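1. How does the following fold in three dimensions:
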Amino acid sequence: MKNLIKKYLIFLFILFLFIGLIIPNIYAFNNSFSYEIREMKKGDVDINLGFQIDQYQDNEGGFNMIVGSFKIAQSFKPSLSPLVKIDLFGYSIDDGNSLEVSIRDNVNEQDLAFISIPSDDIPRQLSWFECDFPDIEVQLDKTYYIIINQMGDGKFIWYGNYQNDYYPSGYCYSNQENTQNWVNLSEIFQNLDFCFKTYSYGDNLPPDPPIINGSDSGKIDETYDYDFYSIDPEGNDVLFRIDWGDNINSQWFGPYESGEAVRVSHSWGENGDFVIKVQSKDIYGDKSEWSLFEIAIAKNNLLIKNSSLFKLFKNHPILSIILKDVI
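-> Residues are numbered from 1 along each chain as shown. Next comes the predicted model:
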């Protein structure tokens, strides 16, 4: 009788553990698994949606303005929705200050989209660069404004074209000392429009992840060449950026033809294992996945070979053999 009661109590205890602990964990696992699947599906949709240029003015005519003590705006009328990102043409001449870029449907109203671009992400030479903010729904053929505000003491130079009205659907404006008064610069500077590109989603596909070829081992302060290329499904030209794994990163450079081999050189200032990462994007802004390439950098024994100890060993054949095996 006692054994039966004991078995019954053990059964109740196991049943309690199953109901109180195991079932909730199974439910939580199922929920997390379902959430992961949903996120993967959502990610797949985002990955398969390419970008398409909507509005643009890409004629640079030597005209530029410095964004410093006042804001500058460029208006445009979208023909596609949503608005997912924009590109600007310019560069920064001062370090340490971020650049604020926003989208508004009225120059004096609140931002519809906003991004603060750190100083390190702003090019130091004249080039296009990306401002990727959260997607916003826009009304087609309604006027919107790209507004740039330089923070701190920095200076950003935005390039454009005047005398020829390359973008008749928009105008340029400046805001003196952050007041509510905006001046139409397109009237003063004869049809001025700054260089910009707006993007929506399209059926464009991103390029393939870059193929990287080069040495997987090396020594400190010695320069090594790396060849890489990326193939775009539609044959579009591609650009590249590189993370060398030693806190040195490149801006986007190019474009190059799809499949064209590009050679870049680099050296590492310390020993260790480093991961080179290369990413490509086509001229419409669709990015590939990162490609990874590992390299092991060893200490350079040049100092040892120039030392008096090395010369002493070199004069003794047996010790020279031992030294050769060590270094």
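
2. What segments of the stretch 51-200 of the chain are helices?
-> Counting by DSSP state H, counting those that start in this stretch, residue ranges of the helices within the stretch 51-200 of the chain are 185-188.

3. Please, where are all the strands along the stretch 201-327 of the chain?
-> 211-214, 217-219, 224-229, 238-243, 253-256, 262-266, 272-282, 291-298 (DSSP state E, counting those that start in this stretch).

4. would TSV of those with mean pLDDT and distance to I188 be doable?
-> Heads up, the C-betas are built off the backbone N, CA and C, glycines and all. Formatted as TSV, these follow (pLDDT from 0 to 100; distance: least, CB to CB, whole Å):
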stretch	mean pLDDT	distance to I188
strand 211-214	96	50
strand 217-219	95	56
strand 224-229	96	46
strand 238-243	95	35
strand 253-256	92	34
strand 262-266	95	43
strand 272-282	95	36
strand 291-298	96	48
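
5. Serialize those strands to a markdown table and add fields for mean neighbour count.
-> Formatted as a markdown table, the strands of the stretch 201-327 of the chain follow (neighbours: other CB atoms under 10 Å):
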| stretch | mean neighbour count |
| --- | --- |
| strand 211-214 | 15 |
| strand 217-219 | 16 |
| strand 224-229 | 17 |
| strand 238-243 | 21 |
| strand 253-256 | 16 |
| strand 262-266 | 15 |
| strand 272-282 | 20 |
| strand 291-298 | 16 |
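
6. Distance to E137 added to those, as JSON lines?
-> Converted to JSON lines, the strands of the stretch 201-327 of the chain look like this (distance: least, CB to CB, whole Å):
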{"stretch": "strand 211-214", "distance to E137": "39"}
{"stretch": "strand 217-219", "distance to E137": "51"}
{"stretch": "strand 224-229", "distance to E137": "38"}
{"stretch": "strand 238-243", "distance to E137": "29"}
{"stretch": "strand 253-256", "distance to E137": "31"}
{"stretch": "strand 262-266", "distance to E137": "38"}
{"stretch": "strand 272-282", "distance to E137": "25"}
{"stretch": "strand 291-298", "distance to E137": "34"}
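
7. Identify whichever of the ones you listed lies nearest to Y145.
-> Ranking the strands of the stretch 201-327 of the chain by proximity to Y145 (CB to CB) places strand 272-282 first, at 26.3 Å.

8. now that closest one, how far from the chain's geometric center?
-> 12 Å (CA atoms, centre = their mean, to the nearest Å).

9. Counting by contacts, list what it packs against.
-> Using 3 or more CB pairs under 8 Å, 6 or more residues apart in numbering; DSSP states H and E as the contact definition, the elements that strand 272-282 packs against are strand 238-243, strand 291-298.

10. Arrange the ones you listed in TSV, one row each, with distance to T223 as further columns.
-> Listed next are the helices and strands packed on strand 272-282 as TSV, based on distance: least, CB to CB, whole Å:
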stretch	distance to T223
strand 238-243	15
strand 291-298	12
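
11. I'd like to know which of those lies nearest to Y284.
-> Among these, strand 238-243 sits nearest to Y284 (CB to CB), with 10.4 Å.

12. what residue ranges in this structure score low on pLDDT?
-> Scanning the chain with the threshold set as pLDDT under 70 gives 1-49, 95-96, 177-179, 300-327.

13. if you set the cut-off to 50 instead, what comes out?
-> 17-48, 302-305, 307, 323-327 (pLDDT under 50).

14. Quick check: can you list the domain ranges of it?
-> For the chain, the structural domains run 51-202, 211-302, going by automatic domain parsing.

15. and the last one, how far from the chain's centre?
-> Put simply, domain 211-302 sits 15 Å off its chain's centre (CA atoms, centre = their mean).

16. what residues are up against the closest residue to G90 other than its chain neighbours?
-> Excluding its sequence neighbours, the residue lying closest to G90 (CB to CB, 6 or more residues apart in numbering) is W158, at 4.4 Å. Going by CB atoms under 8 Å, 6 or more residues apart in numbering, W158 touches N64, M65, V67, I72, L88, F89, G90, I148, F194, C195.

17. For the stretch 51-200 of the chain, which segments count as strands?
-> Taking DSSP E, counting those that start in this stretch as the criterion, the stretch 51-200 of the chain carries its strands at 63-67, 71-76, 83-92, 99-104, 113-117, 127-136, 144-150, 156-161, 172-175, 182-184, 193-194, 196-202.

18. In TSV: these, plus distance to P210.
-> What follows is these, written out as TSV (distance: least, CB to CB, whole Å):
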stretch	distance to P210
strand 63-67	33
strand 71-76	33
strand 83-92	21
strand 99-104	28
strand 113-117	25
strand 127-136	18
strand 144-150	31
strand 156-161	29
strand 172-175	37
strand 182-184	44
strand 193-194	32
strand 196-202	22
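
19. Kindly compare burial across those and name the winner.
-> Highest mean neighbour count among the strands of the stretch 51-200 of the chain (mean count of other CB atoms under 10 Å): strand 193-194, with a mean of 28.

20. Identify the residues contacting the closest residue to E294 other than its chain neighbours.
-> Nearest non-adjacent residue to E294, counting by CB to CB, 6+ apart: V275, 5.5 Å away. Applying CB under 8 Å, 6+ apart to V275 gives the contacts G245, L292, F293, E294, I295.
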